[in-house]
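Participant: Can you look at this prediction? I've put the sequence above it.
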Amino acid sequence: RNLGPDQLLVLINGKRRHPSALLNANNSVGRGSSGVDLNAIPAALIERIEILRDGAAAQYGSDAIAGVINIVLKSGVDPVTLNLKGGATTHSDGELLDASATWGAPLGRGSVNLVAEYRDRQPTNRAGRDPRDQIVAGDAGNNAVPQPSFHWGDSEAQDLIGFLNANIPLNDDGTTSFYAFGGWSRRTGSHGGNYRRAIQDTNWPQIYPLGYLPLIEPTVEDYSAAGGVRGVVNNLFWDLSAQYGHNRFDFDIRNSLNVSLGPAIPPNKTNFYAGSLEFTHYTANADLTREFDVGLAGPLNIAGGIEYRHENFTQIEGEPDSYRDGGIPNQFGRRAVPGAQVFPGFRPANAVDANRHSYAVYADFEADVLKPLRIGVAGRFEDFSDFGSTTDGKITLRLQPVQPLVFRAAASTGFRAPSLSQANFSSVQTTFLPLNGVLTPFEVATFRVNSAEARALGATDLKPEKSANYSAGVVIDPIPAAEFTADFWRIDIDDRVTLSSNFTGPAIQELLAPYGGINGARFFTNTIDTRTDGFDLTGRYKMDWRSAGRADFTAAYSRAVTKITRVSPNPAPLSAVQTQLFDRVVRRLTVCGQPRDNLRLGVDWQKDRLGFLVRESRYGEYCSVTNPAAEDQTFSAEWLTDVELSYRWKPLTFAVGAQNLFDRFPDRNTGTDANLGIFTYPRTSPFGMNGRFLYSRISY
């Protein structure tokens, strides 16, 4: 809904999923947020995905401003199923191998579903040639540097994932049962930063005579466990549960150097450990539900519960050589930029071990007050150890005047506490910003809002986001084979937490000189209020053509428009140096950095052993993320077509398919964003820049 990844709550089997430790600090969609790492959940174990479209913070707590996604895992006894998929783009890269095995094994009176998944994805690269001098002045177009020298595309990645979901009745009648689910994943990746040319002051020709492409190579480990006991006693449903989740990012930098350590190895080096980020949470819940007959048209359903949550965010410093200033001037005799190129390591001053906890209590009442009218009321009180308490409420209405027609409406308030990473993350990163029409590296520090440096720039303590959510919709089932829905909604968010502009220039350096001096800075702030209006339309129709097979037609259209309704006044220190707290780059990311509308059309046809699937996806217009207004660019809407042909010959299924069948690409970048033609396509493209992908798969 054009909001941030951290404004959507993700559940697994109805239980809160922990977010990623990574905080997105780049100029891309979701800037300044930490979302849930969905890639750590194996697709082979997912039975279905449920979406609660209404704002649900009054029921589920912080992070549910835009709604809730609940991932329901497979359960029950099933035979072993093996899946193997392989493919590549038609541009000679992006090779993929994806293998998985699932098994629903009997366990006592119940079952345990197990999955193991391995994925190997090779990188894609759509970078253009670098037209500049590379090794010596005047050698442009006539040098030994292989082109393209930059990496502009998907990363290389290897994933290994294991997961389980268990359900075991504890008595003969099945009224009490134990459940557990969780898993482990280890994923590695590699992506190039911007190429350092041999004649740049970020290179030593004695180490890299042709220049070099530094690589960021993270290792991501994620593990989780949830378990509980639930049952029913005298029509009272109860559920006691606890969850643990942990996510860790280790940053290794390869094929790099620290210019300030000089032109010799040692003391210089090419590989560095740049530090780690960790996030851990513990959650415990007790929930009760019971129906009462109070003389209404239907029973009154009362639900209530309590929750305790503990969170920890840890930032671990890198090895000293990854961040220290060795004191040796660069190859031109000027002060060298300290730290590993592409990703300077976290410094001791960045290290932090932050904790917080929260308590919550909620209640939910729902009943058919009249035969066609159901009313629901919910409320939640939540208290955070670092940001105080909040009380939020929700009311829902459901009216069904006739069997095939349903009207629904909801209004609620919401709350999102700034994440621990937003409140505590700090670093110095190499960020490329436009300077005289060329993207130029700046060492930009992200300061904690309570640091002396951030205070000198006018930072204040972060506040929780407050939201109001209104929605109304209709469901029509004219015939059993068809269903149509329409939902309209508005989400108002006050004091939205965002990462500020990148402050650069001599005045900023002078302002920060007492704190060590850098050439760029930023911090988190509650600087804006936003309003997001939108609507969703869906349709589904099933046709049985008898001898010609069966077809399932689906359609979905969504539109969301975000407007900024308030911007805080500029802090006095920034106004004094003519710097904006919230500049055009951050503004455009918020209001038009992703498509305002999307359309999906699909046909799934089956006849005997044969199947054919066609999906059409239309991604709407979106804008470039630029500072100079003269370089603003609107990227056109684009249609993508996916097809798959399958044949079942039990116990085998064979399939071949194509994603982006007609090899569509986004519009090309222009101006500074193109970086002399090297950055061919926008990094914010909602469908990437890989082009056509062909694959085959087999299941047993």
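Facilitator: Great, that's in hand. Predicted model only: the values in this text are computed from it and were never measured.

Participant: Tyr470 reaches Asp487, doesn't it?
Facilitator: No - between Tyr470 and Asp487 there is no contact under CB atoms under 8 Å: 11.2 Å. (Glycine included, C-beta is placed from N, CA and C.)

Participant: of those two, who's got more company?
Facilitator: More neighbours surround Asp487 than the other of Tyr470 and Asp487, with 20 against 16 (other CB atoms under 10 Å).

Participant: can you pull the contacts of the more buried one?
Facilitator: Arg53, Ser471, Ala472, Gly473, Phe535, Asp536 (CB atoms under 8 Å, 6 or more residues apart in numbering).

Participant: in what helix or strand does the second one lie?
Facilitator: If I follow you right, that is Ser471. Counting by DSSP states H and E, the element that carries Ser471 is strand 465-476.

Participant: How is Ser421 assigned, secondary-structure-wise?
Facilitator: helix (DSSP: H, G, I helix; E, B strand; the rest coil).

Participant: let me redo that: Arg334
Facilitator: coil.

Participant: any idea of the pLDDT on it?
Facilitator: With respect to pLDDT, Arg334 scores 89.

Participant: Show me what the one helix or strand Asp529 maps to is packed up against.
Facilitator: Applying DSSP H and E as the criterion places Asp529 in strand 520-544. When contacts are defined as 3 or more CB pairs under 8 Å, 6 or more residues apart in numbering; DSSP states H and E, strand 520-544 sits against strand 438-447, helix 452-456, strand 482-499, strand 503-504, strand 550-567.

Participant: Nearest approach to Ile216 belongs to which of the ones you listed?
Facilitator: Closest of the helices and strands packed on strand 520-544 to Ile216 is strand 438-447, at 14.6 Å (criterion: CB to CB).

Participant: Show the average pLDDT along that closest one.
Facilitator: Averaged across strand 438-447, the pLDDT comes to 73.

Participant: swap in stretch 558-570?
Facilitator: For stretch 558-570, the mean pLDDT works out to 94.

Participant: And for stretch 628-645?
Facilitator: On average, stretch 628-645 scores 94.

Participant: quick one, what contacts Asn70?
Facilitator: With contact taken as CB under 8 Å, 6+ apart, Asn70 is in contact with Leu11, Ile12, Asn13, Gly14, Ile49, Glu50, Ile51, Leu52.

Participant: for the helices and strands packed on strand 520-544, which one ends up most surrounded?
Facilitator: When the helices and strands packed on strand 520-544 are scored by mean count of other CB atoms under 10 Å, the highest mean neighbour count falls to strand 503-504 (a mean of 23).

Participant: which residues does Ala454 contact?
Facilitator: By CB under 8 Å, 6+ apart, the residues touching Ala454 are Phe447, Arg448, Ala521, Phe523.

Participant: one more time with 6 Å
Facilitator: Contacts for Ala454 (CB atoms under 6 Å, 6 or more residues apart in numbering) come out as Phe447, Phe523.

Participant: again, but for Thr532
Facilitator: Contacts of Thr532 by CB under 6 Å, 6+ apart are Asn2, Ile491, Ala560, Thr562.

Participant: Burial check on the residue lying closest to Ala548 once chain neighbours are set aside, number of neighbours?
Facilitator: Spatial nearest neighbour of Ala548, excluding adjacent residues (CB to CB, 6 or more residues apart in numbering): Lys607 at 6.8 Å. Using other CB under 10 Å, Lys607 has 14 neighbouring residues.

Participant: Do you know the pLDDT at Lys607?
Facilitator: You'll see Lys607 listed with a pLDDT of 94.

Participant: Name the surrounding residues that touch stretch 139-159.
Facilitator: Stretch 139-159 has contacts (CB under 6 Å, 6+ apart) with 119-127, 129-135, 187-192, 195, 210, 678-679.

Participant: Alpha carbons of it, in CSV - could you do that?
Facilitator: These are the backbone C-alpha positions of stretch 139-159, laid out as CSV (Å, rounded to 0.1, in the frame of the first residue of the first chain):
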residue,chain,number,x,y,z
ASP,A,139,43.1,6.4,-22.3
ALA,A,140,39.3,6.4,-22.5
GLY,A,141,38.2,3.7,-25.0
ASN,A,142,41.7,2.4,-25.3
ASN,A,143,42.8,0.5,-22.2
ALA,A,144,42.9,-3.0,-20.8
VAL,A,145,40.0,-2.7,-18.3
PRO,A,146,37.3,-5.3,-19.2
GLN,A,147,33.9,-3.7,-19.7
PRO,A,148,31.4,-3.5,-18.2
SER,A,149,33.5,-2.9,-15.1
PHE,A,150,30.5,-2.1,-12.9
HIS,A,151,27.9,-4.5,-11.5
TRP,A,152,24.3,-3.3,-12.0
GLY,A,153,21.9,-6.1,-11.4
ASP,A,154,21.1,-9.0,-9.1
SER,A,155,23.6,-10.4,-6.6
GLU,A,156,25.0,-13.9,-6.5
ALA,A,157,23.3,-15.8,-3.7
GLN,A,158,23.4,-19.3,-2.2
ASP,A,159,20.6,-20.3,0.3
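
Participant: Done for today, thanks.
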